[in-house]
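1. Next comes the sequence, and after it the predicted model I'd like to discuss.
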Amino acid sequence: MRIKKSYALASSILLASLLSGILIAVFGFVNDELVPMYSSAQDFWSIFFRIFIKNFLIIIFMLIISLIPYLPALLLSVYNFIVFGASLGFSIMDVGMWGSLLRYLHGLLEIPVIIIGLALSLRFSHFICAKIWGKSGKATFHLKKMEIILTPLLLLAAGIIETIYIKEGL
């Protein structure tokens, strides 16, 4: 699978799942049942490391489960984006569009990382399937420097922003 194609597919999955989550929030659920994972009573580094490790493990898990081609990584990504979309939908109903944009600024950094992880997973799954089906001449797996450098940097920045928001009670 070509790099551009893997990103196009990952981005389209993001949009469909995110919109589904927003629709679920607006039409399906009540926000009273959501339980916060973090509280402003925790110290900064405790919150930050929990956020960073959780997001990093999702990417690692997507790569590992890509050994079972396609489906697990797709399901995990769809679930993650639906939860994000639902949370965003609740936030829009609570504080409006601009307040939600500020509240989920860290999400603007996390979303590209999840797209990178899903695109890598799809390409790796395609590579594995080509090897299994004997089409190894066409099977190549390329990892770009941008993917290696951006992933931890964006996760670090997103973790810091989200931690600050939680500590400040936003």
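-> The structure has been received and is ready for your questions.
2. so how far is residue 156 from the one residue sitting closest to the centre of the chain?
-> By Cα atoms, centre = their mean, the chain has its centre lying nearest to residue 114, at 3.6 Å. Here the criterion is Cβ to Cβ, to the nearest Å. By it, residue 114 lies 15 Å from residue 156. Backbone N, C-alpha and C define where each C-beta goes, glycine included.
3. same thing with residue 134?
-> Residue 134 sits 41 Å away from residue 156, going by Cβ to Cβ.
4. Neighbour count for those two, which is higher?
-> Ranked by neighbour count (other Cβ atoms under 10 Å), residue 134 and residue 156 place residue 156 first, with 15 against 8.
5. Would you mark the buried spots in the helix or strand where the more buried one lies?
-> Assigned by DSSP states H and E, residue 156 belongs to helix 145-168. Within helix 145-168, the residues that count as buried by 16 or more other Cβ atoms under 10 Å are 151, 154-155, 157-163, 165-167.
6. What average pLDDT does that helix get?
-> Average pLDDT, helix 145-168: 86.
7. Could you do stretch 100-113 as well?
-> Stretch 100-113 carries an average pLDDT of 84.
8. Not counting that stretch itself, show me its contacts.
-> 14, 55, 59, 84, 87-88, 91-92, 94-95, 150-151, 154-155, 157-159, 161-162, 165, 170 (Cβ atoms under 8 Å, 6 or more residues apart in numbering).
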